[in-house]
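> pasting the sequence and the predicted model now:
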Amino acid sequence: MVDSENQKFCLQEVLESFKSCLSPEKEIYIEHYVSGWRGLVKLLNSLGSLFGFISKDAVSKTQILMNFLKSENGPHYATVQSMVKFELDNKLVDVDKKGIYPESGCRTLLRLHRALRWLQLFLERLRTSKEDDKTSVMCRDAYNESLAQHHTWLIRKSAGMAFYGLPVRPAFFEVMNVGTPEQVVDVLGKAVPLLYEVYQITEELYQKHNLLDLP
Ligand SMILES: CCCCCCCC/C=C\CCCCCCCC(=O)N[C@@H](COP(=O)(O)O)[C@H](O)/C=C/CCCCCCCCCCCCC
């Protein structure tokens with residue numbers, strides 16, 4: 001049996017997961033959010049071992065959230081909003097930066113939330129790129145504008161090296177399994193605003209509760 005992270009990547013499927021994670025009241029379902037990330041990890045895994053350390057971290061973060069969802073407190077972890085309320089009400093978050101809860105749902109989701117900003121910036125660059133533009137440069141610029149400021153020197157250097165191993169734009173489009181380059185651009189045009197909406201809702205919620213700098 002093939003585990004879900006090793007199955008073939010499909011951009012459309014990832015898009016569906018992020019679409020389903022928004023309720024009509026704009027709550028974010030953690031199960032679908034995690035499923036979107038797991039879909040992305042499939043793509044990362046298909047890019048080779050150079051990206052293994054990134055994939056490992058993303059899998060570990062999604063696993064922490066899934067474990068909460070499956071625990072006896074699972075119903076409190078149904079949405080990002082209910083998780084924030086539950087962990088704050090029960091003092092399960094390091095709001096005072098003591099580092100007592102290194103695996104709280106809020107701090108774990110914050111790491112993925114920051115990565116979502118990188119993803120949105122990267123996909124927007126891909127969408128507006130020309131055939132000869134370098135994916136490594138698009139990825140690096142998106143990274144420097146977002147995630148890099150939260151990473152140690154070692155992680156930044158390792159990520160920078162990994163970016164050089166990204167396939168060229170036409171091969172990258174191929175891996176997305178969407179169809180022609182025009183179809184890829186079309187799907188990216190739907191993906192970017194959707195990811196931005198999910199990002200913005202989380203950002204505002206975290207800002208309101210002073211959770212954007214959890215250690
Ligand atoms: C159409 C799709 C095209 C794009 C496909 C992208 C596929 C990306 C899949 C997963 C992305 C990885 C998400 C990484 C989450 C990182 C969370 C994080 O910041 N973790 C760090 C902090 O955690 P704590 O130590 O505080 O617990 C951790 O230190 C990081 C470790 C790993 C390095 C993360 C580097 C991220 C670089 C950006 C991703 C580049 C992937 C390029 C593939 C196109």
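On my side now, so go ahead. The structure presented is a predicted model; accordingly, all values stated were derived computationally and were not measured.
> average pLDDT across stretch 30-50?
Stretch 30-50 shows a mean pLDDT of 94.
> now the strands for this protein?
Taking DSSP state E as the test, none of the chain falls into strands.
> now the helices for it?
Counting by DSSP state H, the chain has helices at residues 11-20, 30-46, 52-70, 80-89, 105-127, 135-145, 153-163, 169-175, 181-208.
> and the chain, which of its residues are near the ligand?
Taking Cβ under 6 Å from any ligand atom as the contact definition, the chain meets the ligand at 11, 40-41, 43-44, 53-54, 57-58, 111, 114-115, 118, 123, 139, 143, 147, 151, 155, 159, 166, 176. Just so you know, the C-beta spots here come from the backbone N, C-alpha and C atoms, and that holds for glycine as well.
> the residue positioned nearest the centre of the chain - nearest residue in space that isn't next to it in sequence?
Closest residue to the average C-alpha location of the chain: Leu116 at 4.1 Å, with Cα atoms, centre = their mean. The shortest distance from Leu116 to any non-neighbouring residue, by Cβ to Cβ, 6 or more residues apart in numbering, is to Tyr199 (5.0 Å).
> export the helices of the chain as CSV, with columns for distance to Gly99.
CSV is the format used below for the helices of the chain (distance: least, Cβ to Cβ, whole Å):
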stretch, distance to Gly99
helix 11-20, 31
helix 30-46, 23
helix 52-70, 16
helix 80-89, 15
helix 105-127, 9
helix 135-145, 25
helix 153-163, 18
helix 169-175, 38
helix 181-208, 18
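> which one, of the ones you listed, ends up nearest to Lys97?
Minimum separation from Lys97 across those (Cβ to Cβ) falls at helix 105-127, 10.7 Å.
> returning to what we had before: my guess is the residue nearest to the centre of the chain meets Gln200, correct?
No: taking contacts as Cβ atoms under 8 Å, Leu116 lies outside contact range of Gln200: 10.1 Å.
> what about the spatially closest residue to Trp37 that is not a sequence neighbour, neighbour count?
Closest residue to Trp37 apart from its sequence neighbours, by Cβ to Cβ, 6+ apart: Thr62 at 5.2 Å. A total of 23 residues lie near Thr62 under the criterion other Cβ atoms under 10 Å.
> and the pLDDT at Thr62?
For Thr62, pLDDT reads 98.
> how close does it sit to Lys208?
Relative to Lys208, Thr62 is positioned 25 Å away (criterion: Cβ to Cβ, to the nearest Å).
> go on, Pro170?
Distance check for Pro170 against Lys208: by Cβ to Cβ, it reads 43 Å.
> what's near enough to touch the residue nearest to the centre of the chain?
For Leu116, the contacting residues are 195, 198-199, 202, by Cβ atoms under 8 Å, 6 or more residues apart in numbering.
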